[in-house]
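The following comprises the amino acid sequence and a computationally predicted model.
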2 protein chains.
Amino acid sequence: MTTERIIEFWFDFASTYCYPAAMRIEKLAATNGCRILWRPFVLGVIFEKQGWRDSPFNIYLAKGNYMWRDLERLCTQLAIPFRKPSRFPRNGLTAARIVCANDGAKWIAEFTRAVFTANFAQDQDIANREVLCGCLEKLVDAPVSVFETAQGSEARARLRANTERAMTLGVFGAPSFISGGELFWGNDRLETALGWQGTEQA
Amino acid sequence: MTTERIIEFWFDFASTYCYPAAMRIEKLAATNGCRILWRPFVLGVIFEKQGWRDSPFNIYLAKGNYMWRDLERLCTQLAIPFRKPSRFPRNGLTAARIVCANDGAKWIAEFTRAVFTANFAQDQDIANREVLCGCLEKLVDAPVSVFETAQGSEARARLRANTERAMTLGVFGAPSFISGGELFWGNDRLETALGWQGTEQA
């Protein structure tokens, strides 16, 4: 008996290292025969519980300066376009709610990459209606309707539930992955997470 | 004209992810034709300036729980022995001062690995005189004398100067590496740092 292998991808559209992870995960997961569960959540809520009212990359200057250079080098290495956003972190709530409200839709991977690209390669405001409808344009028949639905209470509740579940899982940063029953943190752990078979490796 | 390639290895004997980096760096650096400058510093001083009076792995529970499991998996993957220390972080000041007082000595790499192994594989108190003299035993003629010298004001001043220089370099965590004029952070960046040729890659 073979069980379908699954990786949960926990991400926040505002998070810098989620960008390379989101750009890479679909191809890598396919190579590993892994199905992806796309799990947006609100990292800011978790940060607030840790006493941070802003991104730690803004609070801790040396860490922030390093992160931008590291991300730039990483994107060069991975051949992913990068332009430092003029504003950080950006508000990714509506984008996250669009993913929540359309869980399982075939276009989620492509939409997610489009939003991350808008934020981290095109310096666009991913809270903006035109920007998000632009990301949806080639993927769905009625972008405006998808955008409007994501503003509703059900999509909001789903995103809140995701964030609560993330905390239950021990998520404290992004990207995070759940694979083989274990938590993995950071773009650097994507390959390890995808290859993780479960407890027999422990 | 060829210039000798150099990597600065900034580490703290108390730091968990410095352990795999310290165990791996000598062989990897040799493969890359890189000379290592061993640069112990006191991460706690930098953490204090960030407002932390303890390791962030102790302050932030979810992050700490994750780190111990991640380190365990990592050590298994790298075939490095690991036993979770019964006390964390341990006081690595004297060990660091021994390195500072003997900068350039041929036995520094082996001593550094012995101290990290004592801390993270043998659950020993690396501030203890017998433990440190045990680490020095096969490496120097007079372990006690080396231990005593490291308690002196010159060794202390050297470690303080290292920590100040680390801050000047933008170091905010450990391990950190300086290679090709740039800063790299984390055991996960060791290979990238060693392969870094400088600005032409930027």
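On my side now, so go ahead. Everything numeric in this text was worked out from a predicted model, so none of it was measured.

going forward, measure contacts between C-alpha atoms and count neighbours the same way
OK.

Where do the strands of chain A begin and end?
A:5-11, A:34-40, A:176-179, A:182-185 (DSSP state E).

elements contacting the last one?
Think strand A:182-185. Applying 3 or more CA pairs under 8 Å, 6 or more residues apart in numbering or on different chains; DSSP states H and E, we find strand A:182-185 packed against strand A:176-179.

Is the strand it packs on in proximity to chain B?
No: taking CA under 8 Å from any CA of the partner chain as the criterion, strand A:176-179 and chain B are apart, separated by no less than 11.0 Å.

Mind giving me the packing neighbours of that strand?
Packing partners of strand A:176-179 (3+ CA pairs under 8 Å, 6+ apart): strand A:5-11, strand A:182-185, helix A:190-195.

follow-up on the earlier one: could the strands of chain A go into JSON lines alongside mean neighbour count?
Below are the strands of chain A laid out as JSON lines (neighbours: other CA atoms under 10 Å in any protein chain shown):
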{"stretch": "strand A:5-11", "mean neighbour count": "22"}
{"stretch": "strand A:34-40", "mean neighbour count": "20"}
{"stretch": "strand A:176-179", "mean neighbour count": "24"}
{"stretch": "strand A:182-185", "mean neighbour count": "21"}
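
how about those in a markdown table, adding mean pLDDT?
Output for the strands of chain A, formatted as a markdown table (pLDDT from 0 to 100):
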| stretch | mean pLDDT |
| --- | --- |
| strand A:5-11 | 97 |
| strand A:34-40 | 97 |
| strand A:176-179 | 98 |
| strand A:182-185 | 98 |
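
Of all the helices and strands packed on strand A:176-179, which one comes closest to A:Met67?
For A:Met67, the closest of these is strand A:182-185, at 15.7 Å, according to CA to CA.

Just the residues contacting that closest one, thanks.
A:169-171, A:173-178, A:190, A:193, A:198, B:66, B:70 (CA atoms under 8 Å, 6 or more residues apart in numbering or on different chains).

Let me have the residues you listed in CSV, extended by distance to A:Pro40.
Putting these into CSV (distance: CA to CA, whole Å) gives the following:
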residue, distance to A:Pro40
A:Leu169, 14
A:Gly170, 15
A:Val171, 12
A:Gly173, 12
A:Ala174, 10
A:Pro175, 10
A:Ser176, 10
A:Phe177, 11
A:Ile178, 13
A:Leu190, 16
A:Ala193, 18
A:Gly198, 23
B:Tyr66, 20
B:Asp70, 23
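
hang on, isn't A:Phe9 packed against A:Ser179?
No: contact criterion CA atoms under 8 Å: A:Phe9 and A:Ser179 do not qualify, at 9.1 Å.

which of the contacts of strand A:182-185 count as buried?
A:170-171, A:173-178, A:190, A:193, B:66, B:70 (16 or more other CA atoms under 10 Å in any protein chain shown).

so what pLDDT did A:Trp52 get?
Looking at A:Trp52, its pLDDT reads 89.

What about it, how many residues nearby?
13 (other CA atoms under 10 Å in any protein chain shown).

A:Lys84 now?
16.

ok so, going back, so which of the strands of chain A is nearest B:Phe82?
strand A:182-185 (18.9 Å).

what lines up beside that closest one in the sheet?
strand A:176-179 (antiparallel) (DSSP bridges).

so which of the strands of chain A comes closest to A:Ala109?
strand A:34-40 (8.0 Å).

What are the contacting residues of the closest one?
Residues contacting strand A:34-40 (CA under 8 Å, 6+ apart): A:4-13, A:26, A:29, A:96, A:99-100, A:103-104, A:108-109, A:159, A:162-163, A:194.

other SSEs contacting the helix or strand bottoming out on mean pLDDT in chain A?
Every helix and strand in chain A was compared by mean pLDDT, DSSP states H and E; the lowest is helix A:56-59, with a mean of 92. Judged by 3+ CA pairs under 8 Å, 6+ apart, helix A:56-59 is in contact with helix A:61-78.

now for the helix it packs on, which elements pack on it?
Against helix A:61-78 (3+ CA pairs under 8 Å, 6+ apart) you get helix A:56-59.

Quick check: buried residues in the helix it packs on?
Quick answer for helix A:56-59 (16+ other CA under 10 Å): A:Phe57.

Residues of chain A that sit close to chain B?
Counting by CA under 8 Å from any CA, chain A sits next to chain B at A:50, A:60, A:62-63, A:66, A:70, A:73, A:170-172, A:183-184, A:188, A:202.

that older thread, now render the strands of chain A as CSV, adding distance to B:Glu148.
Listed next are the strands of chain A as CSV, based on distance: least, CA to CA, whole Å:
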stretch, distance to B:Glu148
strand A:5-11, 51
strand A:34-40, 55
strand A:176-179, 46
strand A:182-185, 42
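
Who does A:Arg5 form a beta bridge with?
Beta-bridge partners of A:Arg5, as defined by DSSP bridges: A:Cys34.

how about it, what does it touch?
With CA under 8 Å, 6+ apart, A:Arg5 has these contacts: A:33-35.

at 10 Å what do you get?
Contacts here follow CA atoms under 10 Å, 6 or more residues apart in numbering or on different chains; on that basis A:Arg5 touches A:29, A:32-36, A:179-180, A:194, A:196-197.

circling back: who touches both of A:Phe9 and A:Ser179?
Residues touching both A:Phe9 and A:Ser179 (CA under 10 Å, 6+ apart) are A:Leu190.
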